[in-house]
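K.L.:
below is the structure, and that's it, no one-letter string:
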């Protein structure tokens with residue numbers, strides 16, 4: 001029996017995909033729990049329209065991410081922090097501080113979770129920080145910490 005999935009289902013498929021499943025599985029599970037509908041011509045056309053809209057949204061989002069990545073091309077963030085004689089900071093620089101500095105310097109708002117700090121920033125000096133904008137788009141930025 002052919003059905004159109006209404007949601008992403010593990011080990012079966014993604015939303016709006018047409019799947020061929022056993023009649024019992026379709027009737028007793030998918031249709032009963034409203035996870036799928038029977039694949040009639042009308043439902044197939046509706047699914048295609050939804051899929052096209054979703055594809056357009058994804059392409060627009062990809063373009064937006066690529067433009068954001070260009071802004072991070074040669075980005076250098078400067079921090080002035082208090083430090084002791086051994087060049088250890090009295091505080092640290094984390095994801096929150098980096099996102100705030102990016103917002104100030106570029107105007108871009110990014111999620112703190114997308115910032116990857118390999119080593120904690122607790123000393124004066126230069127550091128590289130990664131920003132994961134998308135699975136395949138990762139940008140390096142330079143963070144310079146100098147004394148106040």
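P.N.:
Received the coordinates, thanks. None of these values were measured; they are calculated from a predicted model.
K.L.:
where along this structure do the strands fall?
P.N.:
Under the criterion DSSP state E, strands of the chain are mapped to 2-5, 18-20, 36-38, 76-81, 88-93, 115-116, 121-123, 125-134, 137-147.
K.L.:
so which of those comes closest to residue 47?
P.N.:
strand 2-5 (4.9 Å; C-beta to C-beta). Using the backbone N, CA and C atoms, a C-beta is placed for each residue, glycine as well.
K.L.:
show me which positions of the helix ranked longest in the chain end up buried.
P.N.:
With secondary structure taken from DSSP state H, the chain has its longest helix at helix 41-71. Buried residues in helix 41-71, counted by 16 or more other C-beta atoms under 10 Å: 43, 47, 68.
K.L.:
picking up where we left off before, and the strands of the chain as JSON lines, adding mean pLDDT, mean neighbour count and distance to residue 100?
P.N.:
Below are the strands of the chain laid out as JSON lines (pLDDT from 0 to 100; neighbours: other C-beta atoms under 10 Å; distance: least, C-beta to C-beta, whole Å):
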{"stretch": "strand 2-5", "mean pLDDT": "94", "mean neighbour count": "20", "distance to residue 100": "41"}
{"stretch": "strand 18-20", "mean pLDDT": "93", "mean neighbour count": "14", "distance to residue 100": "46"}
{"stretch": "strand 36-38", "mean pLDDT": "94", "mean neighbour count": "19", "distance to residue 100": "45"}
{"stretch": "strand 76-81", "mean pLDDT": "90", "mean neighbour count": "14", "distance to residue 100": "10"}
{"stretch": "strand 88-93", "mean pLDDT": "86", "mean neighbour count": "14", "distance to residue 100": "10"}
{"stretch": "strand 115-116", "mean pLDDT": "90", "mean neighbour count": "16", "distance to residue 100": "11"}
{"stretch": "strand 121-123", "mean pLDDT": "89", "mean neighbour count": "18", "distance to residue 100": "14"}
{"stretch": "strand 125-134", "mean pLDDT": "88", "mean neighbour count": "15", "distance to residue 100": "13"}
{"stretch": "strand 137-147", "mean pLDDT": "88", "mean neighbour count": "15", "distance to residue 100": "13"}
